[in-house]
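Trainee: 3D model of this:
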Amino acid sequence: MFYYPNVLQRHTGCFATIWLAATRGSRLVKREYLKVNVVKTCEEILDYVLVRVQPPLPGLPRPRFSLYLSAQLQIGVIRVYSQQCQYLVEDIQHILERLYRAQRQIRIDMVETELPSLLLPNRLAMMETLEDAPDPFFGMMSVAPTLPSPFSIPQVGLVPHRGLRLLS
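Mentor: As a prediction, this is how the structure comes out:
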């Protein structure tokens, strides 16, 4: 026999998932595909092909694979790896779609140029922007205060008897 039969058993064999993926003997679920370590599996197949695996019991010959079985297992590894990559791409697409939807929901309907309008409006600026806006100070009586001349303001200086005097 060119293979050790325990390695291909459904639940206990180390190459069971690979064998099932290669022969498409049964439908595998996502968990079974993701459970396979591709690098380690390739190294184990190589160990069996190069007859580096120790015998299960002393005195028995070392287990080895036929060329056909090793080719089938390699095809199985390729199919498992391809399916793992497909799952990764689907997960990334799903995450990107969720991020895109979340980003669209955050914006709602506001554009960045509308943000200053959230502040209280400047009434004077609004009136200036309107055409034919009335003068906001129209109708208000204002008496321009007459400022005194700087020369007519009395200056405080030192007075000799109290230490202060007026300068004029």
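
Trainee: spatially nearest residue to Y48 (excluding sequence neighbours)?
Mentor: F65 (4.7 Å; C-beta to C-beta, 6 or more residues apart in numbering). In short, each C-beta sits where N, CA and C put it, glycine included.

Trainee: now swap in V36 and tell me
Mentor: V36 sits nearest to V80 (C-beta to C-beta, 6+ apart), 5.0 Å away.

Trainee: surely the one you found meets Y33?
Mentor: Yes - counting by C-beta atoms under 8 Å, V80 touches Y33, with 5.8 Å between them.

Trainee: and I45, how many neighbours?
Mentor: I45: 21 surrounding residues under other C-beta atoms under 10 Å.

Trainee: distance check, it against K30.
Mentor: Computed as C-beta to C-beta, to the nearest Å, the I45 to K30 distance reads 23 Å.

Trainee: likewise for A22?
Mentor: Computed as C-beta to C-beta, the A22 to K30 distance reads 18 Å.

Trainee: between the two, which one's more packed in?
Mentor: A side-by-side neighbour count of A22 and K30, using other C-beta under 10 Å, places A22 first with 20 against 11.

Trainee: which residues in this structure form strands?
Mentor: For the chain, strands defined by DSSP state E occupy the ranges 155-157, 165-167.

Trainee: least confident of the ones you listed, on average?
Mentor: When the strands of the chain are compared by mean pLDDT, strand 165-167 comes last with a mean of 52.

Trainee: circling back: which one's more surrounded, V80 and Y33?
Mentor: Neighbours were counted for V80 and for Y33 using other C-beta under 10 Å; V80 has more, 24 against 18.

Trainee: the more buried one and L50, how far apart?
Mentor: Using C-beta to C-beta, V80 is found at 22 Å from L50.

Trainee: so what's Q84 closest to, chain neighbours aside?
Mentor: Q84 sits nearest to Y33 (C-beta to C-beta, 6+ apart), 5.9 Å away.

Trainee: just to revisit the earlier point, list the contacts of the residue nearest to V36.
Mentor: By C-beta atoms under 8 Å, 6 or more residues apart in numbering, the residues touching V80 are 17-18, 21, 33, 36, 38, 41.

Trainee: identify the farthest-apart pair in those residues.
Mentor: The distance between the two most remote of those (C-beta to C-beta) is 12.1 Å, for Y33 and T41.
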